[in-house]
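Visitor: How does the following fold in three dimensions:
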Amino acid sequence: MAVNDSAGEDGLNVGWFTLIIVTLALFIISIDITFLNVAITTLVHDLHTTIFTIQNIIVIYTLVLASLTLVSGELEKVLGRKKTFLIGSVIYGAGTLIAALSINSNMLLLGWSILEGIGGALMWVATTSIVIGSYTGKRRATALGLVASIASGAALVGPIIGGFLTTYYSWRYAFGLEFVIILVILMFSRAIPSFPKTMTWSKFNIIGALNSGLGIFLVVYGLILLNNPNTEYLSPYVILVGLILLIIFYFDQRSRLNKNKHALVDIRLFKVRAFMIGNIARFLLGLVTGGIRFIIPVFVQTVLGYSPITTGYTLVAMVIPMFLVTFTTGKVSVRFQPRYIISTGFILTLIGCIYLINVFRLHTSFIEIASGLALLGLGAGIISPHLSNLAFLCITQDKQPDASAIWNTNSNLNSSMGTAILGLILLMGTFNVLSVEKLVSGIINAFYVIIIILFLGLIITQFVQPKKS
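Guide: This next block holds a predicted model:
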């Protein structure tokens, strides 16, 4: 298959094989976010560690993704899309190999959380850019639709794949599978077109990159420190330093924009009301879904004794409605005001949470938990695509890359913060031993917090301006 060596801004319209190769990367990154959540108790046993350590490892993976999303976008301009993608693939592949061979939690942290996080951030950003640059017109719309479907599908099958391999073989095989896919990507990387660099190293906003990445990391890491009685006193200071760095980042970017200098991201986008509301609501929803992916597996495995594969089915009960309802987005969005659609979604999630609070006990059935999660997932599935439409509604084409970078950073950040915050509430008071009674109390408390978060989201959406007819 012949592929040109360079690409213009109008796209190459190359064959579909390019799309297959780059979306393989997106598939394994998306699976990576979910498949180990169903193997938490097995990881604790195999690596002779604690549930708090595994929680930290899970949080740090999505945190590294969030911290490096903006930086990866900047590197892509200097290195080129293809080179950024391939460097990310090599780093990610090394991470999967180390994770698969882990003999302790430190190896898993290095391989999965750090190396796969770095590689995943580089691939994640480059994948979208490669797809947009490779196709035009209807082919581009089709390609982007397939990219979204692959990401959603990976979230759907991730818990099942992780649960199946952990139950019948080993969680290590999941990383082995990812390593094989990385090898396939590298073997057929010639199918990926090359794109011209758009920026030199001299323009690279290194200060902005350090302040944003380190600031995001420290804020969430400060929350992680609360999980350990020996480090919780450090938490306020770490969070404070992170917030200071993010404030410096904000004013530095604003100053650069005022002086017509290159900025890491156009922070003026936050002045767009729909974009601001969409991001806040997306952050709140992500806190909930990210946290649930951690607290539900801990509860059903520790309290109810579920196997990893049954735990996977439990999470899928939430993901299936989320996946299916997205296909109605186009028809619904033209018939109803965004405020009403998104509000309906938040109300459904609230009903699901209230139901779950009333069924959590020492002998809760699979059907009871799955039913509540399905209702919660239905609401989240209604909210997510319409928040995206809302956020990008008033964004001009030239600002879409910056808006996308902010949106993707938000998506990974809210997941890591949700795991940290809701995991802390679930495990509070169980530092020495995992008491099932305390876990039942903990998950109920966590869902009370979830209800507060969702209610805030419902209130915020009332400020969405009506769509002009």
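Visitor: Buried ones in whatever helix or strand residue 222 lives in, by neighbour count?
Guide: Residue 222 belongs to helix 206-225 when assigned by DSSP states H and E. Buried residues in helix 206-225, counted by 16 or more other Cβ atoms under 10 Å: 208-209, 211-225. C-beta coordinates here come from the backbone N, C-alpha and C atoms, glycine included.
Visitor: So which other helices or strands are in contact with that helix?
Guide: helix 51-79, helix 235-258, helix 400-427 (3 or more Cβ pairs under 8 Å, 6 or more residues apart in numbering; DSSP states H and E).
Visitor: As CSV, those helices with distance to residue 153 would be great.
Guide: Shown next, in CSV, are these (distance: least, Cβ to Cβ, whole Å):
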stretch, distance to residue 153
helix 51-79, 19
helix 235-258, 34
helix 400-427, 17
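Visitor: Which one of those lies nearest to residue 122?
Guide: Closest to residue 122 of the helices and strands packed on helix 206-225 is helix 51-79 (Cβ to Cβ; 5.0 Å).
Visitor: helices or strands next to the closest one in the packing?
Guide: Using 3+ Cβ pairs under 8 Å, 6+ apart, helix 51-79 sits against helix 40-46, helix 81-100, helix 105-108, helix 117-134, helix 206-225, helix 273-302, helix 400-427.
Visitor: and with 10 Å instead?
Guide: helix 17-32, helix 40-46, helix 81-100, helix 105-108, helix 117-134, helix 206-225, helix 273-302, helix 400-427 (3 or more Cβ pairs under 10 Å, 6 or more residues apart in numbering; DSSP states H and E).
Visitor: As a markdown table, the ones you listed with distance to residue 309 and mean pLDDT would be great.
Guide: Below are the helices and strands packed on helix 51-79 laid out as a markdown table (distance: least, Cβ to Cβ, whole Å; pLDDT from 0 to 100):
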| stretch | distance to residue 309 | mean pLDDT |
| --- | --- | --- |
| helix 17-32 | 15 | 83 |
| helix 40-46 | 11 | 87 |
| helix 81-100 | 20 | 92 |
| helix 105-108 | 21 | 92 |
| helix 117-134 | 25 | 83 |
| helix 206-225 | 29 | 88 |
| helix 273-302 | 11 | 89 |
| helix 400-427 | 22 | 83 |
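Visitor: and residue 464, which of the ones you listed is closest to it?
Guide: Per Cβ to Cβ, nearest to residue 464 of the helices and strands packed on helix 51-79: helix 273-302, 5.8 Å.
Visitor: Pull the number of nearby residues for residue 173.
Guide: Burial measure for residue 173: 16 neighbouring residues, criterion other Cβ atoms under 10 Å.
Visitor: quick one, what contacts residue 80?
Guide: For residue 80, the contact set (Cβ atoms under 10 Å, 6 or more residues apart in numbering) comprises 6, 86, 126, 129, 194-198.
Visitor: can we see that at 6 Å?
Guide: Residues in contact with residue 80 (Cβ atoms under 6 Å, 6 or more residues apart in numbering) are 195, 197.
Visitor: Also residue 117?
Guide: Contacts for residue 117 (Cβ under 6 Å, 6+ apart) come out as 61, 64-65.
Visitor: Quick check: residue 418 vs residue 199, distance?
Guide: Distance of residue 418 to residue 199, given as Cβ to Cβ, to the nearest Å: 34 Å.
Visitor: With neighbour numbers in mind, choose between these two.
Guide: residue 418 (27 against 15).
Visitor: just to revisit the earlier point, just the CA coordinates for the helix holding residue 222, please, in PDB.
Guide: Extracted in PDB, the C-alpha atoms of helix 206-225 (Å, rounded to 0.1, in the frame of the first residue of the first chain):
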ATOM      1  CA  ILE A 206       8.600  24.800  28.300                       C
ATOM      2  CA  ILE A 207       7.600  26.900  31.300                       C
ATOM      3  CA  GLY A 208       3.900  26.500  30.500                       C
ATOM      4  CA  ALA A 209       4.400  22.700  30.000                       C
ATOM      5  CA  LEU A 210       6.100  22.300  33.300                       C
ATOM      6  CA  ASN A 211       3.600  24.400  35.300                       C
ATOM      7  CA  SER A 212       0.500  22.800  33.800                       C
ATOM      8  CA  GLY A 213       1.800  19.200  34.000                       C
ATOM      9  CA  LEU A 214       3.300  19.400  37.400                       C
ATOM     10  CA  GLY A 215       0.500  21.500  38.800                       C
ATOM     11  CA  ILE A 216      -2.200  19.000  37.700                       C
ATOM     12  CA  PHE A 217      -0.100  16.100  39.000                       C
ATOM     13  CA  LEU A 218       0.500  17.700  42.500                       C
ATOM     14  CA  VAL A 219      -3.100  18.600  43.000                       C
ATOM     15  CA  VAL A 220      -4.300  15.100  42.500                       C
ATOM     16  CA  TYR A 221      -1.300  13.500  44.200                       C
ATOM     17  CA  GLY A 222      -2.000  15.600  47.300                       C
ATOM     18  CA  LEU A 223      -5.400  13.800  47.400                       C
ATOM     19  CA  ILE A 224      -3.700  10.400  47.100                       C
ATOM     20  CA  LEU A 225      -1.500  11.200  50.200                       C
END
